[in-house]
Structures are given as C-alpha cells and as structure tokens.
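Chemist: model the following, please.
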Amino acid sequence: MNTQQTTDPSQAMDGKTIAIISYLTIIGWVIAYVQYGNNKSQLAAFHIRQSLFLMLCAFGICIISMFFAFIPYIGWIISFALNLSMLGFLVLWIMGLINAINGEEKPLPVLGNKAQDFLKGIK
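Modeler: Model (predicted):
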C-alpha cells in the first residue's frame, strides 16, 4: 500500500507563491491563508504573519487619523502626519514583498518581530 500523498502540481501552491500572494491586498491574504491550510510551509507562515500585521497596523493608523481629522487645527496636523506615515507602510510593504519574492524570512524593520510574536498562533 502506498502511503505517500500525491498532489496535482497545478492545484498545490508552494510556500514562496503563498508568501507572495499574502502581500496582495486583504483578498490575496485570505487566498494565501486558505492555500496555506493545504500546504504548510514555514516561509508562507512567516509572510502571512508579517503581511497581516502590516495591514492591521496600517488600518489602525487610518482609523486613528480619521478621528483626528474632526479636531480643528491641531487635529488636522496630527491627521496629516499620520497619513504621511502611510508612506512608511508602503516602504515596509515593498520590503516584505521583495523578501517573499526572494524566499527570505527577514522580519520587517520596527514591526517584523512584533508580528511574529503577536501572531504566533499562525503556524
């Protein structure tokens, strides 16, 4: 009896592909997470955690920025500064995507180690 499980290469994604897809919007993250359930990979899990944490932080900054936008003058300045910080998230997103394309498990600056700790339940 053959106990090896064979999968069709057209249906199975490798860890690197899943890692790359995880950075492509929240829909891409959901697709990557579903595919990760079919093909467990340490590289994919690493980048799924990184990209989710990056998206959650960016979403949180957007929400906070909207609250400050309703406060005249000083709130507008704070809101503008928070919106300007979104450029930093864009840089982090590009760095994460490049790491996924290269198949590297390098944590993102500032947020990377926190992402691995906070989302360690994704294994």
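Chemist: state the mean pLDDT of the helix ranked longest in the chain.
Modeler: Longest helix in the chain, counting residues (DSSP state H): helix 42-68. The pLDDT scores in helix 42-68 average 94.
Chemist: got it, and stretch 18-27?
Modeler: On average, stretch 18-27 scores 94.
Chemist: ok, stretch 95-112 next?
Modeler: pLDDT averaged over stretch 95-112 gives 94.
Chemist: ends of that stretch, how far apart?
Modeler: Criterion C-alpha to C-alpha, to the nearest Å; first-to-last residue distance in stretch 95-112 is 11 Å.
Chemist: in it, what counts as buried?
Modeler: For stretch 95-112, a neighbour-count test (16 or more other C-beta atoms under 10 Å) marks Met95, Gly96, Leu97, Asn99, Ala100, Pro107, Leu108, Leu111, Gly112 as buried. Where you see a C-beta, it was placed from the backbone N, CA and C, and this is true even at glycine.
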